[in-house]
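**Q** what would the 3D arrangement of this be:
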Amino acid sequence: MACGTCGRAASNVDYEVKTNNGQTKTVSTIAEARIAIAQGGGGTYKAVPKK
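**A** Residues are numbered from 1 along each chain as shown. This next block holds a predicted model:
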């Protein structure tokens, strides 16, 4: 379930980013996720529960 449209920052989730250049990383905000996607040549992100 990708949450690319909600735009709300939930404090109990992180965002897992998968970029088109093959990298996967976890960030804490949607803004960071979008930056990572821009730097990675595109990609997707989804909300995942904080560990």
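
**Q** how about the helices of this protein, start to end?
**A** Under the criterion DSSP state H, helices of the chain are mapped to 30-39.

**Q** do a quick rundown of the strands in it.
**A** Along the chain, counting by DSSP state E, strands occupy 13-19, 24-27, 43-49.

**Q** now do the first one against helix 30-39, angle only.
**A** Think strand 13-19. 10 degrees (axes from the mean of the first three to the mean of the last three CA atoms, to 10 degrees).

**Q** closest one to R34 among the strands of the chain?
**A** Closest approach to R34 among those is made by strand 43-49 (7.7 Å; CB to CB). Using the backbone N, CA and C atoms, a C-beta is placed for each residue, glycine as well.

**Q** run through the neighbouring helices and strands of that closest one.
**A** If you count contacts as 3 or more CB pairs under 8 Å, 6 or more residues apart in numbering; DSSP states H and E, strand 43-49 packs onto strand 13-19, helix 30-39.

**Q** starting at the chain centroid, how far to that strand?
**A** The chain centre lies 4 Å from the centre of strand 43-49; the measure is CA atoms, centre = their mean, to the nearest Å.

**Q** again with stretch 11-25
**A** Stretch 11-25 has its C-alpha centroid displaced from the chain centroid by 4 Å (CA atoms, centre = their mean).

**Q** what is the mean pLDDT for that stretch?
**A** Averaged over stretch 11-25, pLDDT sits at 92.
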